[in-house]
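> Whatever this is, show me its structure:
(chains A and B)
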Amino acid sequence: EVQLVQSGAEVKKPGESLKISCEGSGYSFTNYWINWVRQMPGKGLEWMGKIDPRDSYTDYSPSFQGHVTISTDKSISTAYLQWSSLKASDTAMYYCARRRELPGPDAFDIWGQGTMVTVSS
Amino acid sequence: DIQMTQSPSSLSASVGDRVTITCQASQDITDYLNWYQQKPGKAPKLLIYDASNLETGVPSRFSGSGSGTDFTFTISSLQPEDIATYYCQQFDNIITFGQGTRLEIK
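Now for the predicted structure:
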């Protein structure tokens, strides 16, 4: 079964660092870009950025550039999203999503189950 | 960034009804548009890609049309399991989503 499995919910304090993960299985991990999408409580979807697992090339939304870092370890088929200093406004559900295989459309055909990040003092 | 204006923001319809959601782009995006369904507490699911192509395994009552700046998503006969929030997403430039349409059963 093709799937993305994300790490569990996190509760952090402002200023703390965090790295959440997204493990792919059932397919060739390096053949598909991984994207990250934020959903704040009760709100819509926001694209954060993407990574090519073959060479770790990244592309960020201007809204998130400099605030988060996307990385990957292709040896364990895992992508990461990390923060160096969390803010209360980072409280949200974070989804990883696989892009359909190139050269097709930039559509997300497989999604992780989501990781809820709560930042509170 | 390209802005996506989705309407209505919420919709109530009866089982068997034809349901239509529209999405308007702030500039021409040709057919670089996808539609997703998100049920409460679940991750989104891809339904339609490239404006009008049905994703594998998605029921044929779902369809999409449009090009340029104006797009339509249709459920031909609403089923109880279609209760969800629906999002359009453009990928012509920096990926952006519409604000979502919450669909409820009347």
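> quick check, residue B:81 in a helix?
Yes. Assigned with DSSP: H, G, I helix; E, B strand; the rest coil, residue B:81 falls within a helix.
> spatially speaking, which residue is in the middle of the chain?
Using chain A here. In chain A, the centroid-proximal residue (Cα atoms, centre = their mean) is residue A:36; its distance is 3.4 Å.
> wrong one, chain B
Note: chain B centre (Cα atoms, centre = their mean) maps to residue B:35, 4.1 Å.
> residues from chain A in reach of chain B?
Where chain A comes near chain B, counting by Cβ under 8 Å from any Cβ of the partner chain, the residues are A:35, A:37, A:44-47, A:61-62, A:95, A:97, A:100, A:104-109, A:111-114. C-betas here are computed from N, CA, C, even on glycine.
> Could you pick out the buried ones from those residues?
When the residues of chain A next to chain B are checked for burial by 16 or more other Cβ atoms under 10 Å in any protein chain shown, the buried set is A:35, A:37, A:45-47, A:61, A:95, A:97, A:100, A:105-109, A:111-114.
> so residue A:14 is in which element?
For residue A:14, there is no helix or strand it lies in under DSSP states H and E.
> quick one: contacts for it?
By Cβ atoms under 8 Å, 6 or more residues apart in numbering or on different chains, the contact list for residue A:14 reads A:85, A:86, A:87, A:88, A:119, A:120, A:121.
> hmm, 10 Å instead?
When contacts are counted by Cβ atoms under 10 Å, 6 or more residues apart in numbering or on different chains, residue A:14 touches A:85, A:86, A:87, A:88, A:89, A:90, A:119, A:120, A:121.
> Tabulate the residues you listed in a markdown table, adding columns for pLDDT, neighbour count and secondary structure.
Converted to a markdown table, those look like this (pLDDT from 0 to 100; neighbours: other Cβ atoms under 10 Å in any protein chain shown; DSSP: H, G, I helix; E, B strand; the rest coil):
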| residue | pLDDT | neighbour count | secondary structure |
| --- | --- | --- | --- |
| A:85 | 97 | 11 | coil |
| A:86 | 98 | 21 | coil |
| A:87 | 97 | 11 | coil |
| A:88 | 98 | 11 | helix |
| A:89 | 98 | 10 | helix |
| A:90 | 98 | 19 | helix |
| A:119 | 98 | 20 | strand |
| A:120 | 97 | 10 | coil |
| A:121 | 95 | 7 | coil |
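> And the residue of chain A that's closest to chain B?
residue A:106 (3.5 Å; Cβ to the nearest Cβ).
> picking that back up, which residues does the residue nearest to the centre of chain B form beta bridges with?
With DSSP bridges as the criterion, residue B:35 is bridged to residue B:48, residue B:88.
> So what sits opposite the residue nearest to residue B:52 when sequence neighbours are not counted in the bridge?
The shortest distance from residue B:52 to any residue other than its chain neighbours is 4.9 Å, reached at residue B:64 (Cβ to Cβ, 6 or more residues apart in numbering or on different chains). Residue B:64 forms beta bridges with residue B:73, as assigned by DSSP bridges.
> Would you check that residue B:64 makes contact with residue B:37?
No. Between residue B:64 and residue B:37 there is no contact, the gap being 12.0 Å when judged by Cβ atoms under 10 Å.
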